[in-house]
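Q: A structural model of the following input is requested.
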Amino acid sequence: FLSRAFDQANLDVGLHRLPVVFVADRAGITGDDGPSHHGVLDLVEMLAIPDVTIFVPSSAEEVEEALETALSLDGPSLIRFAKTPGPRRVRDGFGHGLASRIVAQGGEDLVLVAYGKMVTIALDAAKLLAADGLEATVVDARVARPLDPELVALARRAGALVTLEDGYVHGGAGTYLVEEARQERPALLALELGVPTRYVPHGSPEELFAELGLDAFGVAASIRSWLASRAWAAFWRTVAVSSSIEAAVSCRCAAWRSLRSDSAPLPAAISLAAVLIEDAHCWIRPTMRASWPAVALASRWIAAKAP
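A: Got it, this is the predicted structure:
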């Protein structure tokens, strides 16, 4: 029920940067306690309070590490974890401080960044995707804010980025990461998975996660569908501009040949070179470069499924 104390968290603690540690022990989908007990607002609300450090531990050992780090900070923090039992540790280890941790290495074509209990689900989804020929790197974010610079750098390099959280996806941790990554790479392909903005009914966590498409099978299916749709969009966008590219390049080449003579004025040649560079920037970059990761990933998946 952290949302009931939002005003105090914002004005009594956040405004004065008091070193208070909030511990939310029923974060995310709580299950059969009823619709009023789901903790799906905490990430959205606490990200709205400036400078609150937000820990999203994925295991019991990560909770211990988060508490130790939180107590050393000189400002407010939140440690949020699920009511349902989690693993003692994930992949034989845990992180330290405010850094993220790679828990499965699969290259940078497809990167899954998971928060809290979604880490184990992301690992299971990655196994399902690997069976289809899609290798994914899985990252335990560990801290939703401040963002780990290495995590942001990895997100910007990723061919396709997927974030997974068990809170409201709109305004949540995934959005926070994606917005920062797109500051330097606006064309980043990103899919944010989480709870839609609606009231979640009563039910077991397993049933609710499956209904929301946030179990391993649902996550894998969403990623496959997303990559396929991006690949088709890239294909048709390329087809749509191909004829205009061909006509424009033909005109540019003719003009370029006429300017290669010794009598051609240098300013005109420089001007045409600038136009050619602009053409490459306008056509090639948004049409192919931004969409190519999705095309490549989807192509490998189709090839793996072909008889």
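Q: Low-confidence stretches in this protein?
A: Scanning the chain for pLDDT under 70 picks out 39, 85, 232-307.
Q: which residue ranges form the helices in it?
A: Secondary structure of the chain (DSSP state H): helices at 6-7, 42-47, 60-70, 118-131, 149-157, 173-181, 205-211, 216-259, 266-284, 292-305.
Q: Just the buried positions in the third one, please.
A: Spelled out, that is helix 60-70. Neighbour-count burial for helix 60-70 flags 60-63, 65-67, 69-70 (criterion: 16 or more other Cβ atoms under 10 Å). Any C-beta I mention is one placed from the backbone N, CA and C, and that applies to glycine too.
Q: For those, please prepare JSON lines with the additional fields distance to residue 174.
A: Output for the buried residues of helix 60-70, formatted as JSON lines (distance: Cβ to Cβ, whole Å):
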{"residue": "60", "distance to residue 174": "24"}
{"residue": "61", "distance to residue 174": "24"}
{"residue": "62", "distance to residue 174": "19"}
{"residue": "63", "distance to residue 174": "21"}
{"residue": "65", "distance to residue 174": "22"}
{"residue": "66", "distance to residue 174": "19"}
{"residue": "67", "distance to residue 174": "24"}
{"residue": "69", "distance to residue 174": "22"}
{"residue": "70", "distance to residue 174": "22"}
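Q: Can you name the residues that contact residue 71?
A: Contact analysis of residue 71 by Cβ atoms under 8 Å, 6 or more residues apart in numbering lists residue 21.
Q: next one: phi and psi at it?
A: Note on residue 71: backbone dihedrals following degrees, to the nearest 10 are phi -70, psi -20.
Q: Who are the contact partners of residue 44?
A: Residues in contact with residue 44 (Cβ under 8 Å, 6+ apart) are 167-168, 170-172.
Q: List buried residues within the residues you listed.
A: Burial by neighbour count, judged by 16+ other Cβ under 10 Å, picks out 167-168, 171-172 from the contacts of residue 44.
Q: That concludes my questions; thank you for your assistance.
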